[in-house]
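Q: Here's a sequence, model it:
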Amino acid sequence: MSDRYLAAIVMREDCREARRVGPVARRHGLHIALEADDLVIAAPREAWTQSTERSASAVVGNLYFRTGPCDSLDGSNESTASLTSCLARRALGDECWGSFLAIHLDRQDDALIVHRSAFGSINAYFTLLGGMLAISSDARILAELIGARAIDWDVMARQLLWDDLAESRTCVAGISEIRCGEVLRWKRGESPSTAAHWNPWNFTANDRVIAERKEASARLHHDIFEYIGKRLADLDGAILDLSGGLDSSIIAAVTAQSGVSLCPVNLFSAATEGDERHYARTTANRLGLRLIEYCPDPDRVDIVRCGSPQLPRPHARSFVQEIDRLTLFAAPEARAFVNGGGGDSVFCHLQSSGPAADVLGACGFGPAYFRVVHEVARAAQCGTWEVLRKSLIKARRSHAGLEARRDTSFLARPWSANEVLHRPPWPMPPAVTPPGKREHVLGLYNSCFNMNGFGRSRLLKPVFPLLSQPLVETCLAIPSWAWLGEGRNRLLVRRAMASYLPDEVVWRTSKGGLGHLQREIFRRNRDLMREMLLSGRLQRQGLLDRPAIEDHLKPHSALKSDKYGRLLRLCDFEAWISCWD
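A: Take a look at the predicted model:
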């Protein structure tokens, strides 16, 4: 089942709020895994806990060790000793990886440290109540402890601009987030603070670069089977979202090699770009898998309903309701689902002139640069001169940080013109970091946000094995331009997996999607969307551009292909707001 939990840490003896933790946890179906005077852990299934006179600790989720006698925290004496050592030395971020939340309370120093793993799908939201800090993956539990719920409209305005990034503050007032790769610290009498414990730029430095393509492919081959294999262990019977694309096919190949039995499901929109059944079938036949196929029904999508009301941001997208419904129907006994999300970001599929700008900075204006310009143009199916021009401009820019793209469409001008992103989720990059590698890292943080896009995460444990931290770190060390060649992106991982998958899957250049499903949802709900966006809370709050929305949602007007997705997304915001306002 999903890793839903509630942790409460008390730093003051007269903290009245602590008395409410147990009853609230039980009302939400959680049982108490650890209960002490200063630490309460509630979870639906047994979490690892330990309490002594000096300290108390707990881990929710899956934790793996990089070195030592044990691969993972499995409850054995050896693994418990390894974790205790890591906690005592404050080396958790360096020596462990996985999808977990680790809590360590030092009673001698009255100090609390909470680690959320990099690329962990277990959310960690927190609120401070007098002398108690409460942490949960379900923001509704925290709202119940607070005793009130209200939307933070300043954060909401920025969320509309940067829809795939998370600030420390959430869209619910009084609730903040420990984001992927961050650590929370709290001492008696002080305010809690968060900071990054995982730094992507450590792996992009010159002394970490894997320059030779042959070595890079060999490292990728090892890491894919080593770390993805560990993430898939003990997942027999889980759902595998097998789209037919390269990323999900890689996961399927690892399952076949490791002997894990998953239930592969392919969703298709017939006679459109969303029909990838041929590729999924080819992969399934090669690997001996029994593929289940479904065609999503746009009439079953309810754009007024929010698929993830337990999250303090509008993560859920309406069209994913059909993905959730059909995959749950395919394997009603499943306890987890496996998804290839993040693969494009991990394997540096940039779709920009960034790799050409990077090689220009590294090798100068010579043959290597022109070769990469040509490869970028071939892979993106665009003009060579356009890539040349854009890469020269990009290489000359001086960047103080990452450039997260804003989406100002359909937003009122005062909001879209003046807002800034507060506390982005990444550490500041070194000035020497090339622009393509900055884009690579930005894509990874976008992937962290998008892990929350599945409503079935409330019922099933979500697993995103391509976002395994050691694999990500290897990919960060590979120059952006090394991923391009033979007219294809992600060249190195294609080579690493060529002997395990059908050629037409490994070397395919087309890319599918569920755009047809979204277009049909738009057509069927245009009048309802008009009502939601012209009379809803976003409009009343002054956040939306009313004339632009009226123009695009006129009855019987032509479908403007580049805008229907954004309008549907604004309806997702309204659906989430109705759960909290």
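
Q: Every contact and neighbour count from this point should use C-alpha atoms.
A: OK.

Q: can you list the weak-confidence ranges in the protein?
A: 1-2, 44-46, 398-402, 415-418, 559-561 (pLDDT under 70).

Q: Quick test: name the residue nearest the centre of it.
A: Nearest to the mean C-alpha position of the chain, by C-alpha atoms, centre = their mean, lies C448 at 2.3 Å.

Q: what about that one, which helix or strand?
A: C448 is part of helix 435-450 when elements are defined by DSSP states H and E.

Q: my guess is the residue nearest to the centre of the chain contacts F119, does it?
A: Yes: counting by C-alpha atoms under 8 Å, C448 touches F119, with 6.0 Å between them.

Q: joint contacts of these two?
A: Common neighbours of C448 and F119, counting by C-alpha atoms under 8 Å, 6 or more residues apart in numbering, are C180.

Q: Following the chain onward from the helix holding C448, which element is next?
A: Next helix or strand after helix 435-450 toward the C-terminus (DSSP H and E): strand 461-463.

Q: Show me what secondary structure element comes after that next one.
A: Note on strand 461-463: by DSSP H and E, the next helix or strand toward the C-terminus is helix 469-476.

Q: for that following helix, packing partners?
A: Packed against helix 469-476 by the contact rule (3 or more C-alpha pairs under 8 Å, 6 or more residues apart in numbering; DSSP states H and E) you find strand 96-106, helix 213-223, helix 343-346, helix 435-450.

Q: Adding distance to V472, write these out as a markdown table.
A: Listed next are the helices and strands packed on helix 469-476 as a markdown table, based on distance: least, C-alpha to C-alpha, whole Å:
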| stretch | distance to V472 |
| --- | --- |
| strand 96-106 | 11 |
| helix 213-223 | 9 |
| helix 343-346 | 6 |
| helix 435-450 | 9 |
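
Q: And the residue nearest to the centre of the chain, how close does it get to L220?
A: Relative to L220, C448 is positioned 21 Å away (C-alpha to C-alpha, to the nearest Å).

Q: Quickly note the distance from the residue nearest to the centre of the chain to V376.
A: 26 Å.

Q: what does I250 give?
A: 23 Å.

Q: tally of neighbours for W186?
A: Neighbours of W186 under the rule other C-alpha atoms under 10 Å: 19.

Q: likewise V183?
A: A count of nearby residues for V183, using other C-alpha under 10 Å, gives 22.

Q: I figured it hits H104, correct?
A: No: in this structure, V183 is not within contact of H104 by C-alpha under 8 Å, at 11.0 Å.

Q: Now the common contact residues for the two.
A: I113, V114.

Q: residue boundaries of the helices in the stretch 401-550 of the chain?
A: With DSSP state H, counting those that start in this stretch as the criterion, the stretch 401-550 of the chain has helices at 413-418, 435-450, 469-476, 491-497, 503-506, 515-524, 526-535, 537-540, 546-552.

Q: Minimum distance to L570: which of these has it?
A: Nearest of the helices of the stretch 401-550 of the chain to L570, taken as C-alpha to C-alpha: helix 526-535 at 7.4 Å.

Q: Figure out how far the closest one is from the centre of its chain.
A: The chain centroid and the centroid of helix 526-535 are separated by 29 Å, computed with C-alpha atoms, centre = their mean, to the nearest Å.

Q: domain assignment for this structure?
A: Using automatic domain parsing, the domain ranges for the chain come out as 6-198, 203-346+451-506, 350-404+413-443, 525-580.

Q: Mind putting those into JSON lines with distance to L517?
A: Rendered in JSON lines, the data for the domains of the chain read as follows (distance: least, C-alpha to C-alpha, whole Å):
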{"stretch": "domain 6-198", "distance to L517": "21"}
{"stretch": "domain 203-346+451-506", "distance to L517": "6"}
{"stretch": "domain 350-404+413-443", "distance to L517": "24"}
{"stretch": "domain 525-580", "distance to L517": "11"}
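
Q: G512 is nearest to which of those domains?
A: Of all those, it is domain 203-346+451-506 that lies closest to G512, at 5.1 Å by C-alpha to C-alpha.

Q: distance between the ends of that closest one?
A: Taking C-alpha to C-alpha, the first and last residues of domain 203-346+451-506 lie 27 Å apart.

Q: Next: stretch 82-99.
A: Termini of stretch 82-99 sit 17 Å apart (C-alpha to C-alpha).

Q: So for that stretch, what gets flagged as buried?
A: By 16 or more other C-alpha atoms under 10 Å, the buried positions in stretch 82-99 come out as S82, L83, T84, C86, L87, L92, G93, C96, W97, G98, S99.

Q: What degree of burial does the nearest residue to A380 once chain neighbours are set aside show, as a neighbour count?
A: Of all residues not flanking A380 in the chain, Q351 sits nearest, at 6.3 Å (C-alpha to C-alpha, 6 or more residues apart in numbering). Q351 is flanked by 14 other residues according to other C-alpha under 10 Å.

Q: Over to R389?
A: Residues contacting R389 under the criterion other C-alpha under 10 Å number 12.
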